[in-house]
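1. Below are the sequence and a predicted model; questions follow.
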Amino acid sequence: MTPATHPDHGAEDLCAAGMELYERALREGHVSSADAEAAPCLVDFGLLYPTVMDLSRLEPIAPVVALHRMLRGTVDRIAEERRREARLTEVFEPLMRIDGRRTAGADDFPVVSVLSGYDRIGRAISKAMADSTSEVLTIQPHTGHRLAHTRPAMHAEALARDQDFLDRGGRIRTLYQHTLRNAPSVIARYEQLSGDVEARTLDEVTDRLIVTDRAAAFIPASKDRSVALEVRHPAMVGFLATAFDRLWRLATPMYPQAVQRPTLNGITPRQRAIATLLVEGHTDAVIADRLGMNIRTARVHIAKLAATLGSESRAQLGYLIGRSGLLDQEG
């Protein structure tokens with residue numbers, strides 16, 4: 001094990017390599033600095049220290065001395081927390097004597113919290129799911145599946161979090177875009193989960209949304225999703241949950257039982273979605289973004305749609321789409 005791969009841990013969770021090397025140093029009286037490269041935590045915690053005469057030689061500190069030193073640090077931190085509690089009490093005690101009839105109570109204050117940073121957002125979602133018992137509703141736009149590749153540790157943590165919720169009898173429902181129905185990362189995710197989990201797809205979905213037990217909701221507050229809002233106002237959470245329910249009823253089942261959308265008169269469901277955006281006057285780039293595909297794929301579908309309808313120009317294509325009644329057909 002190299003320092004680069006050495007796990008991050010505290011002295012109370014000494015790693016196996018560190019414990020083995022420390023025991024050896026205590027028995028033999030010393031180890032080499034080369035031996036300690038596999039367990040740099042021993043030097044970091046002060047359990048091994050170099051000798052003055054030979055810097056390549058490390059000697060162990062007595063366990064009783066090490067324990068006393070570490071416990072003393074704990075005692076100091078506890079004492080500082082108690083001093084902080086006393087200072088806070090001193091500051092707020094005169095304020096609590098003021099008549100608080102015009103202030104909001106802890107139970108009725110509408111909460112919308114700003115969460116900054118992926119780690120903080122992940123911890124807040126984990127806590128909300130740990131407090132939940134019935135259902136989690138999520139919307140994952142076409143950028144969501146990239147998490148497994150860009151931030152694998154966060155992806156693994158989210159997977160474990162979901163499985164823990166399912167193991168406690170919870171239910172998870174997720175909406176994706178149609179472009180992710182066959183995405184390997186999405187398929188792999190459901191192959192790893194077991195429990196009451198369902199997924200459906202739509203041509204277009206909203207930005208990312210997580211609703212836990214219809215009591216808390218999380219929505220992004222920045223384009224890169226490094227800032228999020230945690231919403232706990234009942235009316236706002238209820239609105240988001242209702243929006244999810246209505247999208248869910250319109251969506252096509254994907255998991256555990258996939259339903260294939262029909263092709264009508266040679267026009268695929270994807271092409272019908274593109275046709276809708278074309279008649280609204282959107283550019284190829286906007287169409288690609290809204291449907292979760294790259295612009296080249298969007299243009300291939302537009303070309304096939306034009307060929308099917310016999311269109312020779314973009315303007316004519318819009319006219320032919322309207323005249324064909326294509327947008328009146330249900331897929």
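-> That came through fine.
2. which SS class is residue 197?
-> strand (DSSP: H, G, I helix; E, B strand; the rest coil).
3. cool, and the one 3 residues further on?
-> Under the three-state scheme (three-state DSSP), the conformation of residue 200 reads as strand.
4. which residues of this structure fall in strands?
-> 31-32, 48-50, 57-60, 112-116, 135-139, 171-177, 196-202, 209-212, 216-220, 227-231, 252-255 (DSSP state E).
5. Need the winner for burial among those.
-> Comparing those by mean neighbour count (mean count of other C-beta atoms under 10 Å), strand 209-212 comes out on top with a mean of 23. To be clear about C-beta, it is placed using only N, CA and C from the backbone, and glycine gets the same treatment.
6. Send me it as CSV with only the CA atoms.
-> Only the C-alpha atoms of strand 209-212 are listed here, as CSV (Å, rounded to 0.1, in the frame of the first residue of the first chain):
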residue,chain,number,x,y,z
LEU,A,209,-35.2,16.9,-8.5
ILE,A,210,-35.3,14.8,-5.3
VAL,A,211,-38.3,14.6,-3.0
THR,A,212,-38.2,12.5,0.2
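7. still on that earlier bit, dump the strands of the chain into TSV; add distance to residue 265 and mean pLDDT as well.
-> Converted to TSV, these look like this (distance: least, C-beta to C-beta, whole Å; pLDDT from 0 to 100):
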stretch	distance to residue 265	mean pLDDT
strand 31-32	78	90
strand 48-50	77	85
strand 57-60	79	88
strand 112-116	48	88
strand 135-139	31	95
strand 171-177	24	93
strand 196-202	22	91
strand 209-212	35	96
strand 216-220	39	95
strand 227-231	44	92
strand 252-255	19	89
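8. now these in TSV, with distance to residue 157?
-> Shown next, in TSV, are the strands of the chain (distance: least, C-beta to C-beta, whole Å):
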stretch	distance to residue 157
strand 31-32	35
strand 48-50	33
strand 57-60	36
strand 112-116	16
strand 135-139	15
strand 171-177	16
strand 196-202	17
strand 209-212	14
strand 216-220	15
strand 227-231	16
strand 252-255	21
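9. And these: which comes nearest residue 84?
-> Smallest distance to residue 84 across the strands of the chain (C-beta to C-beta): 22.8 Å, for strand 112-116.
10. Partner strands of the closest one, with direction?
-> With DSSP bridges as the test, strand 112-116 is paired with strand 227-231 (antiparallel).
11. Excluding its own residues, what touches the strand it pairs with? List them.
-> 111-116, 121, 124, 128, 216-222, 237, 240 (C-beta atoms under 8 Å, 6 or more residues apart in numbering).
12. Kindly recompute the last result at 7 Å.
-> 112-116, 121, 124, 216-221, 237 (C-beta atoms under 7 Å, 6 or more residues apart in numbering).
13. do the same with stretch 291-309
-> With C-beta under 7 Å, 6+ apart, stretch 291-309 has contacts from 141-142, 177, 179, 203-204, 266-267, 270-271, 273-275, 284-285, 287-288, 317, 320-321, 324.
14. again, 8 Å this time
-> With C-beta under 8 Å, 6+ apart as the criterion, stretch 291-309 contacts 141-142, 177-180, 203-204, 266-268, 270-271, 273-275, 277-278, 284-285, 287-288, 311-312, 317, 320-321, 324.
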